[in-house]
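> all I have is the shape, not the residue letters:
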């Protein structure tokens, strides 16, 4: 089976082009030329016959021949952009992002990988229980800028939500304290529109880690162009929109209930319980986009910790270790402060 690939070459010198997050242009590191990425005009794909590609199984291993050096490149069935390990050529695997697999949009990288150490340091800054010298003695490894496939969902939830609210009042009668509870039927009519709710569409990335990278600014979505992929890795979805839409529906449904409950609460109520709802959802709409993420590992004293950074906003998320000694000292410090305050109160009482 012939594999269709596209090389991003500099028209001036023929060297590989890469997408530069700082300028938003395709740049050549050899001659210094830079090129605007068009928002409207379609790009000409070298090495592609322009026909719609058949969908490839996500589990298969694919072999491509680099058009520059002829080397064979082995990659997974969901990779959409790779770099030739022999000549450094940036290659877009066009069959993975064309036809029915072509994304509806893309948020290009805005953060350059050179900014990553400073972003990680800000992430560590206020974490009091980190082991001492964790950042200075750690090594950032396996850094990879990758466009991760996401489904963005739009939906409207509407209908009534019912609550049982109550107020308690107490009056003393002799030796008895009589409490009276008054009940109120509370209803909130909801009409709530949700747009661009993201759910990652790749089984290769941890869902919780991807959720933690939010928010992405959907106003930054641009029409998909192959040039944005140059110099970065990219994946295509291996979970279709119907497979993961339940996660989006649960998020929207729970958000609608949470907002309705916050609106129904009143200082006059002692408490309130949800009695049910008649919420219904409009037909959910989905679009397929690629979102920018840096993934990397931090190694410290033989342990590996996985991190990710939002390539649009610079937000860093990941697991961090806790120094058990510092944690114990912190607990003892809290205990000592509480104990000292208690002793002070007792001494004042005894006086």
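Sure thing, it's come through. Remember, predicted model here, so these are calculated numbers, not experimental data.
> what's the distance between residue 218 and residue 226?
22 Å (C-beta to C-beta, to the nearest Å). Using the backbone N, CA and C atoms, a C-beta is placed for each residue, glycine as well.
> again, but for residue 39
13 Å.
> so which of these two has more stuff around it?
The neighbour comparison of residue 39 against residue 226 (other C-beta atoms under 10 Å) goes to residue 226, with 26 against 8.
> name the nearest residue to the more buried one, ignoring sequence neighbours.
Spatial nearest neighbour of residue 226, excluding adjacent residues (C-beta to C-beta, 6 or more residues apart in numbering): residue 92 at 4.8 Å.
> likewise residue 24?
Per C-beta to C-beta, 6+ apart, closest to residue 24 is residue 108, 6.6 Å.
> what does residue 158 give?
Closest to residue 158 by C-beta to C-beta, 6+ apart is residue 191, at 4.4 Å.
> around residue 247, how many other residues sit close by?
When neighbours are counted by other C-beta under 10 Å, residue 247 comes out with 18.
> can you map out the helices along the stretch 201-350 of the chain?
Per DSSP state H, counting those that start in this stretch, the stretch 201-350 of the chain carries helices over the ranges 207-212, 241-264, 324-350.
> look up phi and psi at residue 314.
phi 90, psi 0 (degrees, to the nearest 10).
> and the closest residue in space to residue 182 that isn't next to it in sequence, what does it touch?
Once flanking residues are discounted, residue 182 sits nearest to residue 167: 5.1 Å by C-beta to C-beta, 6+ apart. By C-beta atoms under 8 Å, 6 or more residues apart in numbering, the residues touching residue 167 are 181, 182, 184, 268, 269, 270.
> and which of these is nearest residue 210?
residue 269 (38.1 Å; C-beta to C-beta).
> doesn't residue 168 make contact with that closest one?
No: proximity of residue 269 to residue 168 does not meet the contact threshold set by C-beta atoms under 8 Å, at 9.6 Å.
> tell me which of those two has more neighbours.
Between residue 269 and residue 168, residue 269 has the larger neighbour count (other C-beta under 10 Å), namely 16 against 11.
> can you get me the start-to-end distance on stretch 224-235?
Length of stretch 224-235, first residue to last, C-alpha to C-alpha, to the nearest Å: 14 Å.
> list the buried residues in it.
The neighbour-count check on stretch 224-235 (16 or more other C-beta atoms under 10 Å) flags 224, 225, 226, 227, 228, 229, 230, 231, 232, 233, 234, 235 as buried.
> same check on stretch 241-260?
241, 244, 245, 247, 248, 249, 251, 252, 253, 256, 257, 260.
> so the last one sits right up against residue 159, yeah?
If I follow you right, that is residue 260. No: applying C-beta under 8 Å as the test, residue 260 and residue 159 come out as separate, 9.9 Å apart.
> what is in contact with these two at once?
190, 277.
> re earlier: from the contacts of residue 167, which two are the most distant?
181 and 268 (13.3 Å).
> is it true that residue 108 touches residue 221?
No: Residue 108 lies out of contact with residue 221 (C-beta under 8 Å); the separation is 9.5 Å.
> related to what we said a few turns ago, relative to residue 260, how far out is the residue nearest to residue 158?
11 Å.
> where does the residue nearest to residue 279 when sequence neighbours are not counted fall, phi/psi-wise?
In space, and not counting its chain neighbours, residue 279 is closest to residue 159: 4.2 Å by C-beta to C-beta, 6+ apart. Dihedral angles phi and psi of residue 159 (degrees, to the nearest 10) take the values phi 130, psi 170.
> can you read off the pLDDT for the closest residue to residue 213 other than its chain neighbours?
Among residues not flanking residue 213 along the chain, residue 310 sits closest, at 4.6 Å (C-beta to C-beta, 6+ apart). For residue 310, the model assigns a pLDDT of 95.
> what's the distance between residue 310 and residue 270?
42 Å.
> try residue 144
Distance of residue 144 to residue 270, computed by C-beta to C-beta: 54 Å.
> same deal with residue 19?
Distance, residue 19 to residue 270, by C-beta to C-beta: 58 Å.
> of these two, who's got more company?
Taking other C-beta under 10 Å, residue 19 and residue 270 do not tie; residue 19 has more neighbours (24 against 11).
> and the more buried one, how far from residue 247?
Where residue 247 is concerned, residue 19 sits at a distance of 30 Å (C-beta to C-beta).
> same check on residue 104?
19 Å.
> just checking: what are the partner strands of the helix or strand where residue 163 lies?
Here residue 163 sits within strand 139-173, counting by DSSP states H and E. Partner strands and pairing direction for strand 139-173 (DSSP bridges) are strand 176-200 (antiparallel), strand 233-235 (parallel), strand 271-277 (antiparallel), strand 280-281 (antiparallel), strand 285-300 (antiparallel).
> so what does the residue of the chain positioned farthest from its centre have for phi and psi?
Centroid-distance maximum for the chain: residue 174 at 61.7 Å, with C-alpha atoms, centre = their mean. Per-residue torsions, residue 174: phi 60, psi -120 (degrees, to the nearest 10).
> buried residues in stretch 289-308?
289-298, 300, 307-308.
> likewise stretch 163-174?
163, 165.
> pLDDT averaged over it - what is it?
92.
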